[in-house]
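**Q** Here's a sequence, model it:
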Amino acid sequence: MNQISMRNIDSFIFGDIVVADLPFADGLKTKIRPVLILAKDKNDYLLMKITSNTENRDPIDILLPKDSYNNIEEEESLIKIKKI
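**A** All right, here's what the predicted structure looks like:
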């Protein structure tokens, strides 16, 4: 993924693809990963996980091709619809 210019978190809007530090299910560890912003309410965000693991594709997942426009440049990725 290319370097994303730093913006104030309040400027993120629906459709932005950004990186976020997300917790694992156990809540003990985190991982930085790309996400799609769906909505924002004050300091809360509704996000969808983006993964480069395209082997376990669900029929409703959205394929993102390698593209500098969407900041996905290393390999095609999936927006995981069930991972909100």
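**Q** report the longest strand in this protein, please.
**A** Scanning the chain for the strand with the most residues, using DSSP state E, yields strand 30-41.
**Q** Counting by contacts, list what it packs against.
**A** Counting by 3 or more Cβ pairs under 8 Å, 6 or more residues apart in numbering; DSSP states H and E, the packing neighbours recorded for strand 30-41 are strand 17-23, strand 44-51. From N, CA and C alone the C-beta is placed, and that goes for glycine too.
**Q** Now do the last one: everything it contacts.
**A** When you say that, I think you mean strand 44-51. Strand 44-51 has contacts (Cβ atoms under 8 Å, 6 or more residues apart in numbering) with 12, 17, 20, 22, 33-40, 64, 72, 77-81, 83-84.
**Q** who does Ile32 bridge with?
**A** Beta bridges link Ile32 to Asp21, judged by DSSP bridges.
**Q** Now that it has come up, it's in contact with Val18, right?
**A** No: using Cβ atoms under 8 Å as the test, Ile32 is too far from Val18 to be in contact (10.5 Å).
**Q** who has more neighbours, those two?
**A** Shown here are Ile32 and Val18; by other Cβ atoms under 10 Å, Val18 has more neighbours (16 against 8).
**Q** Quick one: residues contacting the more buried one.
**A** Contacts of Val18 were listed using Cβ under 8 Å, 6+ apart, and they are 4, 12, 34-35, 37.
**Q** Kindly report the same for Lys31.
**A** Contact analysis of Lys31 by Cβ under 8 Å, 6+ apart lists 21-22, 24.
**Q** Tally up the residues packed near Asp16, please.
**A** Around Asp16 there are 16 other residues, counting by other Cβ under 10 Å.
**Q** got the contact list for it?
**A** So Asp16 contacts 36-37 (Cβ under 8 Å, 6+ apart).
**Q** ok, now with 7 Å
**A** Contacts for Asp16 (Cβ atoms under 7 Å, 6 or more residues apart in numbering) come out as Ile37.
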